[in-house]
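A.B. asks: Quick one, structure for this:
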Amino acid sequence: MCHAIDMIRYEEENKATMTYEQLKKFLETLTPEQLSNEVVIYDKDVEDYCKADANLIIKNDKIYIGI
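C.D. replies: The predicted structure follows:
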């Protein structure tokens, strides 16, 4: 059991992530219709989603998308 938990933790800590600059470039490729959709965060591990808050959260000099 511990090995599986360690593996999941390792994968989570070492996965490729996106910067806000990369996100901005991706958003610039979307159509106006796509940009008018609500922001939704999708959790692929549990195959569920949650709508993002209307405002970004800045805490300890870090920027978060609230859910």
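A.B. asks: Just give me the residue right at the centre of the chain.
C.D. replies: In the chain, the centroid-proximal residue (Cα atoms, centre = their mean) is I41; its distance is 6.0 Å.
A.B. asks: Now name the helix or strand holding it.
C.D. replies: For I41, the host element (DSSP states H and E) is strand 40-43.
A.B. asks: Relative to T17, how far out is the residue nearest to the centre of the chain?
C.D. replies: 14 Å (Cβ to Cβ, to the nearest Å). Yep, even glycine has a C-beta here, placed from its N, CA and C like the rest.
A.B. asks: What segments of this structure are helices?
C.D. replies: Secondary structure of the chain (DSSP state H): helices located at 2-14, 20-27, 32-35.
A.B. asks: lowest-confidence helix or strand of the protein?
C.D. replies: Every helix and strand in the chain was compared by mean pLDDT, DSSP states H and E; the lowest is helix 2-14, with a mean of 82.
A.B. asks: now that one, how far from the chain's geometric center?
C.D. replies: In terms of Cα atoms, centre = their mean, to the nearest Å, the centre of helix 2-14 is found 19 Å from the chain centre.
A.B. asks: can I have that helix written out in CSV, keeping just the CAs?
C.D. replies: Extracted C-alpha coordinates of helix 2-14, given in CSV (Å, rounded to 0.1, in the frame of the first residue of the first chain):
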residue,chain,number,x,y,z
CYS,A,2,2.8,2.5,0.9
HIS,A,3,4.4,1.9,-2.4
ALA,A,4,1.3,2.9,-4.4
ILE,A,5,0.9,6.0,-2.3
ASP,A,6,4.6,6.9,-2.8
MET,A,7,4.2,6.3,-6.6
ILE,A,8,1.1,8.6,-6.7
ARG,A,9,2.9,11.3,-4.7
TYR,A,10,6.0,11.1,-6.9
GLU,A,11,3.9,11.3,-10.1
GLU,A,12,2.0,14.3,-8.7
GLU,A,13,5.2,16.1,-7.6
ASN,A,14,7.0,15.5,-11.0
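A.B. asks: Touching stretch 55-64 from outside, list them.
C.D. replies: Stretch 55-64 is contacted from outside by 20, 65-66, using Cβ atoms under 8 Å, 6 or more residues apart in numbering.
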